[in-house]
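Student: show me the folded form of this:
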Amino acid sequence: MSRSGVSPWRDTFGWNKADWATVACFSAVINLLMLAPTLYMLQVYDRVLVSGAGWTLVAVTLVTLFLLVVMAAADWFRSRLLIRIGLSLDQRLAPAVFEAAYRQRLQGRSAHAAQSLGDLTQVRQFLTGPGLLALLDVPWIPIYVAVLFLLHPVLGWTAIGFGLAQLAMTLLSHIGTRQRVDGGQQAAQSADAAAAQFFRVGEVVTAMGMGERARRLWLGRHGSALRGEERLAAQQARWTGWSKWLRYTQQAAALGVGAWLVIEGHITVGAMIAGNVLTTRALAPLDAWAQTWTAALAARKSLARLNDLLRSAVGAAGPQPAAGAEASPHAAALESVTVAFEGRPSPALQQVDLHLERGQVTLVQGPSGSGKTTLARAVLGIVAPTQGQVRWHLQGRDASDAIGYLPQSVDLFEGTVAENIARFAEPDSAKVIEAARLAGLHETIQRMPLGYDTPVGAGGQFLSGGQRQRVALARAVYGTPDLIVLDEPNAQLDSIGEVALQQALAQLRQRGCAVLVISHRPGIQALADQVVTLAQGRIAQRGAPRQPAPAAALAAA
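Tutor: Take a look at the predicted model:
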């Protein structure tokens, strides 16, 4: 069960019990009325044709038609109810699945987070597809077989024999194709991942002349996937052929056995025809289940993966709001925080204690791989500590307004400059302009074709690298948050942008913001109130900067 109390197994089969009970009732009505054609044949062949009573034929026909209309209506209502159950399941699980998959992707525990959303779709589609309908009809097979035994025991045993043969063939088909199905899916995913990677770094591939090698690598994986699909299709075709043979043999055998019983005088012609139809109907759910067996197993695996995903979300809570936040001198506190990732031999952070004070700039330095970005992500709640805890001391504001973040890899959303700065909330013009001024971007935006209404394109493709970074900086400082984390904020800035960043830091400090900056530039170090040096995930050194921060001069500028 996840933090939100949502469980795929419980929500699929334990929730909406009234709806499932109604589905069961409709299934009972449908399957009982399926006997109407059998009874109709018995009446026509054994009574109407013998007596020649035309009005009896009319009456029996009208009653049968009415029962079939009721059966069709019940089938329609059952299908609509299953659709409602599927949609209701999706609505209950989708938020928790999205959050859990999102968290796992952020923490690097899942390379295919989007698969979780596909799993939810797979389960919902199974609930509304023929596989579940066949499963709902399976419990009624003994009823049909019992009626066959009433007609004659030989007819009943014939149906049982063919039913067992059909089950055996389904199991053998699954065992024979399971490995090929799994291998084919892995090969297809590998080919798709390679293509997506090459498309994502297309500029590098083209500039360095790697296009032909990339194409050959993808074609190799794609060809392997195609060969696997070909072998799987051939094997499935063989089993499909045998299944068809068994189905047609069953129909012929049921008719032949019935004819033999008629010749021997054990049953009537009407019972022979009715027995043939009833045998086909009794085995129809098994036949449908055999055809949807693969989809049913896929849905079961998807449900199990969703269950594991939501169980893994337990304890993955982010930073906790602390009591007395408004009176606290610091905006965030890390208390003995350790962060470890799956597959990594040592923790990314180990026993880190750090307070981010209001009105101060904390500079984090250290070599590559020392844990700087992980520290920033832990402060923001992007990754959950394995040990220890992170506490926020926010001044009565929601985290979405009280926290700003500029990641190392800047990515903007498709929309206008103003929408990106305002974080796609309803833009407050005064706050948007103020944030742009803080980032030193106001004059640049005014020179754009549509000013603040200028589209940035997907990922900010219509802007230069420096403009993207400064728009992202404006987004981070929008609304003057209590806590601001800047990861390499000057990586793509020119000298003018560097000065604008230093001025922004000075103003944010004067406004009482707690600012965490990851950078190696000397200009930033001159602004820092404390410098923290990381080494192998631990704080190796902390203290005041070597030179005083020229806050007044920068603020005046």
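Student: domain map for this protein?
Tutor: By the assignment in automatic domain parsing, the chain contains the domains 1-129+299-315, 142-291, 320-556.
Student: where does pLDDT dip in the stretch 251-400 of the chain?
Tutor: 312-328, 396-397, 399 (pLDDT under 70).
Student: go with 50
Tutor: Under the criterion pLDDT under 50, the flagged ranges of the stretch 251-400 of the chain are 315-316, 323-325.
Student: any chance you could map the helices in it?
Tutor: 269-291, 293-312, 372-380, 399-402 (DSSP state H, counting those that start in this stretch).
Student: could the domains of the chain go into JSON lines alongside distance to L135 and mean neighbour count?
Tutor: C-betas here are computed from N, CA, C, even on glycine. Formatted as JSON lines, those follow (distance: least, C-beta to C-beta, whole Å; neighbours: other C-beta atoms under 10 Å):
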{"stretch": "domain 1-129+299-315", "distance to L135": "10", "mean neighbour count": "17"}
{"stretch": "domain 142-291", "distance to L135": "7", "mean neighbour count": "16"}
{"stretch": "domain 320-556", "distance to L135": "36", "mean neighbour count": "18"}
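Student: out of the ones you listed, the one nearest L136 is which?
Tutor: Ranking the domains of the chain by proximity to L136 (C-beta to C-beta) places domain 1-129+299-315 first, at 4.6 Å.
Student: possible to save the domains of the chain as a markdown table with distance to L136?
Tutor: As requested, the domains of the chain are exported to a markdown table (distance: least, C-beta to C-beta, whole Å):
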| stretch | distance to L136 |
| --- | --- |
| domain 1-129+299-315 | 5 |
| domain 142-291 | 8 |
| domain 320-556 | 40 |
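Student: ok, which of the helices of the stretch 251-400 of the chain comes nearest Q235?
Tutor: Proximity of the helices of the stretch 251-400 of the chain to Q235 was assessed by C-beta to C-beta; the nearest stretch is helix 293-312, lying at 12.2 Å.
Student: quick one: the strands in the protein?
Tutor: Secondary structure of the chain (DSSP state E): strands located at 320-321, 330-339, 349-357, 360-365, 387-392, 403-406, 483-487, 514-518, 530-535, 538-543.
Student: F341 and A348 touch, don't they?
Tutor: Yes: judged on C-beta atoms under 8 Å, F341 makes contact with A348 at a distance of 6.1 Å.
Student: make JSON lines out of the helices of the stretch 251-400 of the chain and add distance to C513.
Tutor: Shown next, in JSON lines, are these (distance: least, C-beta to C-beta, whole Å):
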{"stretch": "helix 269-291", "distance to C513": "63"}
{"stretch": "helix 293-312", "distance to C513": "35"}
{"stretch": "helix 372-380", "distance to C513": "14"}
{"stretch": "helix 399-402", "distance to C513": "10"}
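Student: sorry, back to before: now the strands of the chain in CSV, with distance to L309?
Tutor: Output for the strands of the chain, formatted as CSV (distance: least, C-beta to C-beta, whole Å):
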stretch, distance to L309
strand 320-321, 23
strand 330-339, 20
strand 349-357, 25
strand 360-365, 32
strand 387-392, 23
strand 403-406, 25
strand 483-487, 28
strand 514-518, 31
strand 530-535, 32
strand 538-543, 32
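Student: so which of the ones you listed comes closest to A254?
Tutor: strand 330-339 (66.5 Å).
Student: list the contacts of the closest one.
Tutor: 319, 322, 347-358, 371, 374-375, 378-379, 383-394, 482-483, 513-514, 537 (C-beta atoms under 8 Å, 6 or more residues apart in numbering).
Student: repeat the analysis, applying 6 Å as the threshold.
Tutor: With contacts defined as C-beta atoms under 6 Å, 6 or more residues apart in numbering, strand 330-339 is touched by 347-352, 354-358, 374, 378-379, 383, 385-393, 482-483, 514.
Student: so that strand versus strand 387-392, what angle?
Tutor: 160 degrees (axes from the mean of the first three to the mean of the last three C-alpha atoms, to 10 degrees).
Student: relative to strand 514-518, how tilted is strand 330-339?
Tutor: Between strand 330-339 and strand 514-518, the angle comes out at 40 degrees (the same axes, to 10 degrees).
Student: would you put the C-alpha positions of strand 330-339 in PDB?
Tutor: Extracted in PDB, the C-alpha atoms of strand 330-339 (Å, rounded to 0.1, in the frame of the first residue of the first chain):
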ATOM      1  CA  HIS A 330      16.900  29.100   8.900                       C
ATOM      2  CA  ALA A 331      14.700  28.100   6.000                       C
ATOM      3  CA  ALA A 332      15.900  24.500   5.700                       C
ATOM      4  CA  ALA A 333      17.900  22.000   7.800                       C
ATOM      5  CA  LEU A 334      19.500  18.700   6.900                       C
ATOM      6  CA  GLU A 335      20.000  16.500   9.900                       C
ATOM      7  CA  SER A 336      22.400  13.500   9.500                       C
ATOM      8  CA  VAL A 337      21.200  13.000   5.900                       C
ATOM      9  CA  THR A 338      22.400  10.000   4.000                       C
ATOM     10  CA  VAL A 339      21.300   9.400   0.400                       C
END
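Student: between the two ends of stretch 471-483, how far is it?
Tutor: Start-to-end span of stretch 471-483 (C-alpha to C-alpha, to the nearest Å) is 18 Å.
Student: any idea how far the residue nearest to V48 when sequence neighbours are not counted is from G270?
Tutor: Excluding its sequence neighbours, the residue lying closest to V48 (C-beta to C-beta, 6 or more residues apart in numbering) is L57, at 4.7 Å. Distance from L57 to G270, counting by C-beta to C-beta, to the nearest Å: 13 Å.
Student: minimum distance to L286: which of the strands of the chain has it?
Tutor: With C-beta to C-beta, the closest approach to L286 among the strands of the chain belongs to strand 330-339: 52.3 Å.
Student: so how far is the closest one off the chain centroid?
Tutor: Averaging C-alpha positions (C-alpha atoms, centre = their mean, to the nearest Å) puts strand 330-339 31 Å from its chain's average.
Student: same check, this time on stretch 153-170
Tutor: The chain centroid and the centroid of stretch 153-170 are separated by 41 Å, computed with C-alpha atoms, centre = their mean.
Student: dump it to PDB, keeping only the CA atoms.
Tutor: Extracted C-alpha coordinates of stretch 153-170, given in PDB (Å, rounded to 0.1, in the frame of the first residue of the first chain):
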ATOM      1  CA  PRO A 153     -24.100 -38.700 -19.700                       C
ATOM      2  CA  VAL A 154     -22.100 -39.300 -22.900                       C
ATOM      3  CA  LEU A 155     -22.700 -35.800 -24.100                       C
ATOM      4  CA  GLY A 156     -21.500 -34.500 -20.700                       C
ATOM      5  CA  TRP A 157     -18.300 -36.600 -20.700                       C
ATOM      6  CA  THR A 158     -17.600 -35.500 -24.300                       C
ATOM      7  CA  ALA A 159     -17.700 -31.800 -23.300                       C
ATOM      8  CA  ILE A 160     -15.500 -32.500 -20.300                       C
ATOM      9  CA  GLY A 161     -12.900 -34.300 -22.400                       C
ATOM     10  CA  PHE A 162     -12.700 -31.500 -25.000                       C
ATOM     11  CA  GLY A 163     -12.600 -28.900 -22.200                       C
ATOM     12  CA  LEU A 164      -9.600 -30.600 -20.600                       C
ATOM     13  CA  ALA A 165      -7.900 -30.900 -24.000                       C
ATOM     14  CA  GLN A 166      -8.400 -27.200 -24.600                       C
ATOM     15  CA  LEU A 167      -7.000 -26.300 -21.200                       C
ATOM     16  CA  ALA A 168      -3.900 -28.400 -21.800                       C
ATOM     17  CA  MET A 169      -3.300 -26.800 -25.200                       C
ATOM     18  CA  THR A 170      -3.600 -23.400 -23.700                       C
END
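Student: I figured A458 was touching E414, is that so?
Tutor: Yes: using C-beta atoms under 6 Å, A458 is in contact with E414, at 4.6 Å.
Student: can you tell me how far the residue nearest to V352 when sequence neighbours are not counted sits from R538?
Tutor: In space, and not counting its chain neighbours, V352 is closest to V337: 4.7 Å by C-beta to C-beta, 6+ apart. Counting by C-beta to C-beta, the gap from V337 to R538 is 11 Å.
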